[in-house]
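**Q** Compute the structure for the input listed below.
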Amino acid sequence: MLFNQAQSGLTTALLHPVSAAATVNATSAWVDVRGGVGDLMFTVQTGAVTGSITWTIEDATDGAGAGAAAVTPNEGAFAAGAATQVQRRSINCSSVRGWVRVVGTIVTGPSLVAANVSRRAKYTV
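**A** As a prediction, the model looks like this:
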């Protein structure tokens, strides 16, 4: 976000800090982003990593995950998760189908992880 956009920004926690032993623990709920404009900014953070974690972003047509599919960020895929690392990736709001989530695929756990998505709200009169 640029200087003046931070005030109108919305941030939603996808994963509160957690020690994730398996992929299911590092997979967020679906979040409705239909009220956003511009780019969605995904931020993922790893703390201590026992094995490995690989992050992906998915979108769907509803909050239950109908038609879920991986989405490629503007900057390309996340790098393999290393300990004490923060990564950001963006996706244009208009290129997703309404709901998004992150999936942290864990080969050997646990991994300390957190994730959020930020966006600018649509201006309404």
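**Q** contacts, neighbours, all on C-alpha from now
**A** Fine.
**Q** Name the nearest residue to residue 16, ignoring sequence neighbours.
**A** Across the structure, with Cα to Cα, 6 or more residues apart in numbering as the measure, the residue nearest residue 16 apart from its sequence neighbours is residue 114 (5.3 Å).
**Q** Work out for me the element that neighbour sits within.
**A** strand 111-121 (DSSP states H and E).
**Q** could you say what helices and strands that strand packs with?
**A** strand 9-20, strand 36-49 (3 or more Cα pairs under 8 Å, 6 or more residues apart in numbering; DSSP states H and E).
**Q** which residues sit against the last one?
**A** Looking back up the chat, that one is strand 36-49. Strand 36-49 has contacts (Cα atoms under 8 Å, 6 or more residues apart in numbering) with 81-94, 109-122.
**Q** try it again with 6 Å
**A** Contacts of strand 36-49 with the rest of the structure, by Cα atoms under 6 Å, 6 or more residues apart in numbering, involve 83-93, 111-122.
**Q** For the very next helix or strand once past that strand, name the packing helices and strands.
**A** The first helix or strand that comes after strand 36-49 along the chain, using DSSP H and E, is strand 52-60. Here strand 52-60 touches strand 69-71, strand 99-108, going by 3 or more Cα pairs under 6 Å, 6 or more residues apart in numbering; DSSP states H and E.
**Q** Now strand 52-60: average pLDDT?
**A** Across strand 52-60, the average pLDDT comes to 95.
**Q** Dump that strand to PDB, keeping only the CA atoms.
**A** Coordinates of each C-alpha in strand 52-60 appear next as PDB, following Å, rounded to 0.1, in the frame of the first residue of the first chain:
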ATOM      1  CA  SER A  52       9.700 -27.600   5.500                       C
ATOM      2  CA  ILE A  53       6.700 -25.500   4.500                       C
ATOM      3  CA  THR A  54       5.500 -24.400   1.100                       C
ATOM      4  CA  TRP A  55       2.900 -21.700   0.800                       C
ATOM      5  CA  THR A  56       0.200 -21.400  -1.800                       C
ATOM      6  CA  ILE A  57      -2.800 -19.100  -2.300                       C
ATOM      7  CA  GLU A  58      -6.200 -20.400  -3.500                       C
ATOM      8  CA  ASP A  59      -9.400 -18.800  -4.500                       C
ATOM      9  CA  ALA A  60     -13.000 -20.100  -4.700                       C
END
